[in-house]
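*Asks:* Let me see the structure of the following:
(one chain, ligands or ions: 2)
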Amino acid sequence: MRVLGLESSCDETAAAVVVDGRRALSNVISSQIELHRRYGGVVPELASRAHVVQIVPVLDEALEKARLRLGDLDGIAVTNGPGLVGALLVAVQAAKALAFATGLPLVGVNHVEGHLLAARLIGDGVPGAPTPPEPPFVGLIVSGGHTSLYLAEDFGKYQLLGSTRDDAAGEAYDKVAKMLGLPYPGGARIDALAREGNPAAIHFPRAIIKGAPLDFSFSGLKTAVLTHLKRHPAPQDAELADLCASFQEAVADTLTAKALRAIKRHAPRGAPQRLVLCGGVACNGRLRDLAAERAGEAGVELFLPPPILCTDNAAMIAVAGTHALMRGERSNLSLDARPSWRLGMSP
Ligand code: KG4
Ligand code: ZN
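*Replies:* Ligands and ions are numbered 1, 2, ... in the order given. As a prediction, this is how the structure comes out:
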């Protein structure tokens, strides 16, 4: 089953072709990071316009790299939420136009489900390569827009276990980077600087939410960094590295502790315990190392997609779409963007 995936929910225009929900024949991503950098964040209207310009070339490239024509496909999957409405509409309209022109089945996909299933592309179906996660598994999605824990009971069946009360983890990274005068998006830059720093140099708080142990909060941590900067302004060199490492340690500690707690509480008894990391922040070196360490100690199987599958891409959308199409789900030409669609909630 060859499925085309299309994605334009935020600041990446992406198209990919995936076979049987396991093997990406192409995974083309046009990033708008340069466009938004000078504004220090994504400007929705600029994002929509750039998607309009990029969507057809990106689609053409994805088909060309897969060495396929539209007629060789078996279905089309498109992200229709959550995300920026004007941005989402671009891929949704493109997908509907393609479905109308070709008669191929169309399915709308939740962006977060895409992230959760990105790890299905691990190993790419090559014999002897690592096996991908089978549900049930617990998924920790950490990106610029989301920080949530899900129990993936089956393909298409997700239970929200906890989510952030304020900032997403990536947002906290980007805001702290801004305070430090680092370019947007700052996550990867903090990660790089932290490698030279001492994670125990400054003790930053780990938020505990009474009555909701699987929820997250990063606003207190952000304020703690700001307070520290007022006392020790404009850190340079070793001081800057120590601050980055200490902030990063607080984020990685909280995320991994809650993910393992989620498994303890919610993983079905008797089934192998599996944890999947996904979203842009899952590229973070310390988060990956600490997750591996703690999962190893707890006897939990850990699935870490390569960075290209952690950040926004269309291959993950094609994977989720393949499973939806196999379940018989179809969208018609009235498919619309759903900017605040929460996974696990009905339309
Ligand atoms: O999943 P993604 O590409 O887009 C969203 O859906 O948000 O995630 C982008 C986020 C940004 O906040 C970025 O700073 C963060 O992921 N990020 C990182 C790293 N690489 C990207 N955060 C920490 N460490 C990294 N290495
Ligand atoms: Zn995303």
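
*Asks:* need the contact list for H146.
*Replies:* Residues touching H146, when contacts are defined by C-beta atoms under 8 Å, 6 or more residues apart in numbering, comprise V112, H115, S163, T164, A168, G279. (Glycine included, C-beta is placed from N, CA and C.)

*Asks:* and with 10 Å instead?
*Replies:* Contact partners of H146, counting by C-beta atoms under 10 Å, 6 or more residues apart in numbering, are 82, 111-112, 115, 163-164, 168-171, 278-281, 342-343.

*Asks:* Tell me where the longest helix sits in this protein.
*Replies:* For the chain, the helix that runs over the most residues, judged by DSSP state H, is helix 237-266.

*Asks:* Which other helices and strands does that helix contact?
*Replies:* Packed against helix 237-266 by the contact rule (3 or more C-beta pairs under 10 Å, 6 or more residues apart in numbering; DSSP states H and E) you find strand 137-142, strand 147-154, strand 157-163, helix 169-179, helix 187-194, helix 219-231, strand 274-278, helix 285-298.

*Asks:* just the ones you listed: most buried one?
*Replies:* strand 137-142 (a mean of 28; mean count of other C-beta atoms under 10 Å).

*Asks:* partners of it, with directions?
*Replies:* strand 147-154 (antiparallel), strand 274-278 (parallel) (DSSP bridges).

*Asks:* Next one, pLDDT for the residue of the stretch 201-347 of the chain found nearest ligand 2 please.
*Replies:* Per C-beta to the ion, the residue of the stretch 201-347 of the chain with the smallest distance to ligand 2 is D312, at 4.4 Å. According to the predicted model, the pLDDT of D312 comes to 96.

*Asks:* The spatially closest residue to it that is not a sequence neighbour bridge partners, please.
*Replies:* Sequence neighbours aside, E12 is the residue nearest to D312 in space, at 4.2 Å (criterion: C-beta to C-beta, 6 or more residues apart in numbering). Beta-bridge partners for E12, by DSSP bridges, are S31.

*Asks:* doesn't H36 make contact with E12?
*Replies:* No - using C-beta atoms under 10 Å, E12 is not in contact with H36; the gap is 11.1 Å.

*Asks:* which residues are common contacts for these two?
*Replies:* When contacts are counted by C-beta under 10 Å, 6+ apart, the set common to E12 and H36 consists of A47, A50.

*Asks:* re the thing from before, could you check the longest helix of the chain against ligand 1 for contacts?
*Replies:* No - no part of helix 237-266 sits near ligand 1 under the criterion C-beta under 6 Å from any ligand atom; the closest distance found is 7.6 Å.

*Asks:* surely A324 meets V78?
*Replies:* No - with the criterion set as C-beta under 10 Å, A324 and V78 do not qualify as a contacting pair; they are 11.1 Å apart.

*Asks:* Give me the common contacts of these two.
*Replies:* Going by C-beta under 10 Å, 6+ apart, residues that sit against A324 and also against V78 are V107, G108, V109, S331.

*Asks:* And the furthest pair within those?
*Replies:* Pairwise distances among the shared contacts of A324 and V78 were taken by C-beta to C-beta; the largest, 9.3 Å, belongs to V109 and S331.

*Asks:* Could you tell me which residues touch both of those two?
*Replies:* In contact with both V109 and S331: A77, V78, N80, A95, G321, A324, using C-beta under 10 Å, 6+ apart.

*Asks:* Give the closest residue to the fifth one in space, chain neighbours not counted.
*Replies:* Read it as G321. When the adjacent residues along the chain are set aside, G321 lies closest to A77, with 2.1 Å between them (C-beta to C-beta, 6+ apart).

*Asks:* Quick one: name the residues of the stretch 151-300 of the chain near ligand 1.
*Replies:* Residues of the stretch 151-300 of the chain lying close to ligand 1 (C-beta under 6 Å from any ligand atom) are 170, 173-174, 185-188, 191, 279-281, 283-284.
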